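1. here's my sequence, what's the structure:
(one chain, ligands or ions: 1)
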Amino acid sequence: MTAPAELLALAVETAREAGRLVRGRREAVTRMVVASTKSTPTDVVTDSDTAAEVLIRERLLGARPGDGMLGEEGGQVAGQSTVIWVVDPIDGTVNYLYGLPDYAVSIAAQVDGRTVAGVVHNPVSGETWTAMVGEGAWLLDRRIGVSGCAQLSQALVATGFGYDARRRARQAEVLRHVLPRVRDIRRAGSASLDLCALGTGRLDGYYERGLAAWDLAAGGLIAQEAGAVIAGLRGRPAGPELVVAAGPELFPALHDLLEPLGADRDD
Ligand code: LIP
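-> The predicted structure follows:
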């Protein structure tokens, strides 16, 4: 069975259990230890990231042994079914490391490569966003929707930055041109929570270069089902090159601001 409702129920239960695990581990220590780093010395992994991904894999594939999984911390499992779980066990790992509350467990279910269900759960706030394709998006039991902001100068826009210094310098250059054109910028450090904030109307727009599939899968479905337009530049799909997301009234102006700046390039 690949009914989105069944997949979502399993994902929500699993995300909440993983959220209890990582929050408990964080609150048990004054200072969280970096277990390892990835692309740069600031691209960190904690033991909690790894422990949470192991728990998520055990719960999801224990319940559905034939499924595959793509996890941020290296947990790639080939499956025989049409379902692949796309998992970020802690999205906002640096926030988690520093004890800041903006981090989330993000789990999406893809069937034949299409995201059909997703959950983003913030273990600190207890907020749980969910969506199923074609069925809208929810924050706990409340239906959510994007803001109706239509003017760039009135838009609260979130973004994020990569870990590589050269890319960060380029992203700062893009930001230099964006900042004077919008109401303000927010940089919270978790793509999935940024996308859920957009879907809830707490942000008017979002853009970021360098997102991985696990950063985008669940939050992207939630924002889209909440009414956001999500894409790359010049008709390209949202992906590692660039994610641009906003309500339909604002998206064209945000896209047209970012396109001439080459926000989807490192040069
Ligand atoms: C994070 C993203 C965020 C980005 C951070 C980091 P992680 O993911 O959610 O949008 O700006 O640099 O990549 O590494 O915490 O899972």
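
2. which non-adjacent residue is nearest R59?
-> Using C-beta to C-beta, 6 or more residues apart in numbering and skipping the chain neighbours, the partner closest in space to R59 is T14 (4.4 Å). C-betas here are computed from N, CA, C, even on glycine.

3. check which helix or strand the one you found maps to.
-> Using DSSP states H and E, T14 sits in helix 4-27.

4. which residues are contacting that helix?
-> Here helix 4-27 makes contact (C-beta atoms under 8 Å, 6 or more residues apart in numbering) with 32, 47-48, 51-52, 55-56, 59-60, 63-64, 83, 85, 89-90, 96, 99, 103, 105-109, 111, 116-124, 128, 130, 132-133, 135.

5. now intersect those residues with the helices, please.
-> Secondary-structure check on the contacts of helix 4-27 using DSSP state H: residues within helices are 47-48, 51-52, 55-56, 59-60, 63, 96.

6. just the buried residues of those residues.
-> When neighbours are counted using 16 or more other C-beta atoms under 10 Å, those contain these buried positions: 48, 51-52, 55-56, 59-60, 96.

7. can you pick out the most distant pair from those residues?
-> Maximum pairwise distance in these, criterion C-beta to C-beta, is 21.1 Å, between L60 and Y96.

8. what about the residue of the stretch 51-200 of the chain found nearest the ligand, how many neighbours?
-> Per C-beta to the nearest ligand atom, G160 is where the stretch 51-200 of the chain lies closest to the ligand, at 2.4 Å. Residues lying near G160 (other C-beta atoms under 10 Å) number 21.

9. what's the answer for A165, then?
-> Neighbours of A165 (other C-beta under 10 Å): 10.

10. secondary structure element for the closest residue to it other than its chain neighbours, which one?
-> Sequence neighbours aside, T40 is the residue nearest to A165 in space, at 7.7 Å (criterion: C-beta to C-beta, 6+ apart). Assignment of secondary structure by DSSP H and E places T40 within no helix or strand.

11. okay, now T40: neighbour count?
-> Per other C-beta under 10 Å, the neighbour tally for T40 reads 13.

12. just checking, Y103 touches D88?
-> No. Y103 is not in contact with D88 according to C-beta atoms under 8 Å; the separation is 9.8 Å.

13. need phi/psi at the residue nearest to G227 when sequence neighbours are not counted.
-> Excluding the flanking residues, the one nearest G227 by C-beta to C-beta, 6+ apart is V146, at 4.5 Å. Dihedral angles of V146 (phi, psi; degrees, to the nearest 10) stand at phi -70, psi 160.

14. again with the one 5 residues further on
-> With angles defined as degrees, to the nearest 10, Q151 sits at phi -110, psi 130.

15. now do the contacts for it.
-> Contacts for Q151 were tallied using C-beta under 8 Å, 6+ apart; they are 250, 253.

16. begin at 36 from now on, thanks
-> That works, and once the first residue is 36, the last one we named lands at Q186.

17. returning to what we had before: got a markdown table for the buried ones among the ones in helices among the contacts of helix 39-62, with distance to the ligand and pLDDT too?
-> Output for those, formatted as a markdown table (distance: C-beta to the nearest ligand atom, whole Å; pLDDT from 0 to 100):
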| residue | distance to the ligand | pLDDT |
| --- | --- | --- |
| S83 | 12 | 95 |
| A86 | 15 | 96 |
| A87 | 11 | 97 |
| L90 | 17 | 97 |
| I91 | 14 | 97 |
| R94 | 20 | 98 |
| L95 | 18 | 98 |
| Y131 | 8 | 97 |
